[in-house]
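**Q** pasting the sequence and the predicted model now:
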Amino acid sequence: MPNAQDPQIHSLFGDISPTQSLRHEEVINIPPQDSLAQILADVQADPNCGACKGGLPLVFGIGPERAELMLIGEGPGIDDVQSEAPFQGQAGVLLTRMLAAINVARAECYICNVIKCIPPGERNFSTTEIEACRPFLLRQIWAVQPHIIIAFGALAAQTLLRSKKTISELRGQIFTLRLNEREITVVPMFNPAYLLRVAEKKREAWEDLKRVRELLRG
C-alpha cells in the first residue's frame, strides 16, 4: 500500500493552499455510456499504468453498480490478492464491524481504492502512478453515483480533495466534492488498517461514523 507520508505524495498537491475550504470542484471528462465494466476494461488496457504490469492482480472494486455510500481506501494489501477484492483480512473484518455499528451492510456499499494494484516488490507508488489512477477513480465515482463517500486514509482523502493536509487534520470535518454538476459529501476517516495498529484512534473513528450515520438518515 502506498505510504501516505511519502514526501512525493505531498509534492503532488504542493500548489494547494494549507487553508483549504470544505469544498472542491472539478470538471471531468466522462466517455459516452460509461460504466464500471468499461472503466475496468480501460484500466486493464491503459499503457500509462505501468505499476500493475508484472505485479500482483488488479483490485478494481466491488459492490452494487449504484450505491448511496461509497468507500474509498488508499491501495490494496496482500490480503486482497486472492479474492481480488478490497479490504480483506483483519482490516476488512474491522470495516464490516464499523459499518454494522451504524446499521449499514457492507454489501450495500461500493468499495474501491485510489490505487488498483500492488506494485512489484510492494514498493510505494510514485506521484505519476497516483495521477494515472486518479481519472479512473473519478469515473468510478461518477458511475456509482454515491451521495456520500468515506475516504479512508490520507492518500484517499488527499486525492479526492486535492489537499496536502494530513488525515488527522482532515478527519472530523465534512467536505463537498462537486464533479461536473453532481455534489457528493466526503467524510475523511482513519483507515481500518491504521486503527488496528493505533487502537486509541477508534474513538475518533466512531465520531466520524456517527456523522456518516446522520448523513445517511438525511
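**A** Right, received. Where do you want to start?
**Q** contacts, neighbours, all on C-alpha from now
**A** Fine.
**Q** who's in contact with the residue nearest to D208 when sequence neighbours are not counted?
**A** Leaving aside its sequence neighbours, D208 sits nearest to G172 (C-alpha to C-alpha, 6 or more residues apart in numbering; 6.2 Å). If you count contacts by C-alpha atoms under 8 Å, 6 or more residues apart in numbering, G172 has them with 187-189, 204, 207-208.
**Q** can you list those in JSON lines and add neighbour count, secondary structure and pLDDT?
**A** Listed next are the contacts of G172 as JSON lines, based on neighbours: other C-alpha atoms under 10 Å; DSSP: H, G, I helix; E, B strand; the rest coil; pLDDT from 0 to 100:
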{"residue": "V187", "neighbour count": "24", "secondary structure": "strand", "pLDDT": "98"}
{"residue": "P188", "neighbour count": "29", "secondary structure": "strand", "pLDDT": "98"}
{"residue": "M189", "neighbour count": "26", "secondary structure": "strand", "pLDDT": "98"}
{"residue": "E204", "neighbour count": "14", "secondary structure": "helix", "pLDDT": "97"}
{"residue": "E207", "neighbour count": "14", "secondary structure": "helix", "pLDDT": "97"}
{"residue": "D208", "neighbour count": "20", "secondary structure": "helix", "pLDDT": "97"}
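**Q** closest one of those residues to S163?
**A** Using C-alpha to C-alpha, P188 comes nearest to S163 of the contacts of G172, at 11.6 Å.
**Q** the closest one and K165, how far apart?
**A** For P188, the distance to K165 equals 11 Å [C-alpha to C-alpha, to the nearest Å].
**Q** let me know the pLDDT of the residue lying farthest from the centre of the chain.
**A** Here the chain reaches farthest from its C-alpha mean at P32, the gap being 24.1 Å by C-alpha atoms, centre = their mean. P32 is assigned 92 on the pLDDT scale.
**Q** so it, which state does it fall into?
**A** At P32 the chain is in coil, as set by DSSP: H, G, I helix; E, B strand; the rest coil.
**Q** and the gap between it and A157?
**A** Relative to A157, and taking C-alpha to C-alpha, P32 is found at 28 Å.
**Q** now R203
**A** To A157, R203 is 19 Å away according to C-alpha to C-alpha.
**Q** more neighbours: those two, which one.
**A** A157 (30 against 11; other C-alpha atoms under 10 Å).
**Q** put the alpha carbons of the helix or strand where the more buried one lies into CSV.
**A** Of the helices and strands defined by DSSP states H and E, A157 is found in helix 154-161. Only the C-alpha atoms of helix 154-161 are listed here, as CSV (Å, rounded to 0.1, in the frame of the first residue of the first chain):
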residue,chain,number,x,y,z
ALA,A,154,-4.6,10.3,3.9
LEU,A,155,-4.0,9.2,0.3
ALA,A,156,-7.7,8.7,-0.4
ALA,A,157,-8.7,12.0,1.2
GLN,A,158,-5.9,14.0,-0.3
THR,A,159,-6.5,12.5,-3.8
LEU,A,160,-10.2,13.3,-3.7
LEU,A,161,-10.0,16.8,-2.2
